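J.: Next come a sequence and a model predicted from it.
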Amino acid sequence: MRLCYRLRAMSKKIAVESPSPCIKCTKSWCCTYFTQQIDTPRSREDFDVLLWQISHENTEAYKDDDGWFLLMTNPCNHLLPNGDCGIYEVRPKICRDHSSDNCEKDGLAGEQDFKLYFKDYTALRKYCKKKFKKWDRWEKKKK
Ligand code: SF4
Ligand code: SF4
């Protein structure tokens, strides 16, 4: 399954003419997770891979208007306790490009936007059993 980075991520500050909401945002939600787009899973084998991926700690999966994504809810190692970026001067471009317009602080990147959402292995496997006939049998016999 091919993986590619999704340009929905982080960045902070940069106050221009009007004060940036990032200045008051001590939680820095945008620095506490990242997403990775995946090819649309179609076959049993595709979902078997996705079950393996979602089995890892703090890994969820969802589908929205843009496709399928893995959601890793791990904070960035450079995020300081006060919400500042510890490597602000050399932070990655993806962080610099992130806008506070409609950002996570406004609750627009949440579960309510997902067409499908799988919190964990159990939720995804339940979906697989519903989607594929004889999933249980296939699951036990796969080589
Ligand atoms: S969550 Fe929004 S307001 Fe907070 S730091 Fe990130 S972009 Fe700025
Ligand atoms: S590098 Fe800085 S701005 Fe980018 S995610 Fe980490 S803490 Fe946030």
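T.: Structure's in. What do you need? Residues are numbered from 1 along each chain as shown. Ligands and ions are numbered 1, 2, ... in the order given.
J.: For the protein, which segments count as helices?
T.: Under the criterion DSSP state H, helices of the chain are mapped to 44-54, 93-97, 121-131, 135-141.
J.: Find the centremost residue of the chain, please.
T.: Nearest to the mean C-alpha position of the chain, counting by CA atoms, centre = their mean, stands L71 at 2.4 Å.
J.: what is that residue paired to in the beta sheet?
T.: T35, E60 (DSSP bridges).
J.: cool, and D64?
T.: G67.
J.: How confident was the prediction at it?
T.: Listed pLDDT for D64 reads 93.
J.: okay but it is in contact with Y117, surely?
T.: No - with contact defined as CB atoms under 8 Å, D64 and Y117 do not form a contacting pair (9.1 Å). To be clear about C-beta, it is placed using only N, CA and C from the backbone, and glycine gets the same treatment.
J.: higher neighbour count, the two?
T.: Counted by other CB atoms under 10 Å, D64 and Y117 do not tie: Y117 has more neighbours, with 17 against 14.
J.: If we ignore the residues flanking it in sequence, what's nearest the more buried one?
T.: Y62 (4.6 Å; CB to CB, 6 or more residues apart in numbering).
J.: I'd assumed F114 was in contact with that neighbour.
T.: Yes - between Y62 and F114 there is a contact at 4.3 Å, judged by CB under 8 Å.
J.: What distance do you get for C128 to I38?
T.: Separation of C128 from I38 (CB to CB, to the nearest Å) stands at 15 Å.
J.: ok so, going back, select, out of the helices of the chain, the one closest to ligand 2.
T.: helix 93-97 (3.3 Å; CB to the nearest ligand atom).
J.: same question for the closest one, mean pLDDT?
T.: Helix 93-97 carries an average pLDDT of 94.
J.: wait, isn't K27 in contact with G83?
T.: Yes - between K27 and G83 there is a contact under CB under 8 Å: 6.3 Å.
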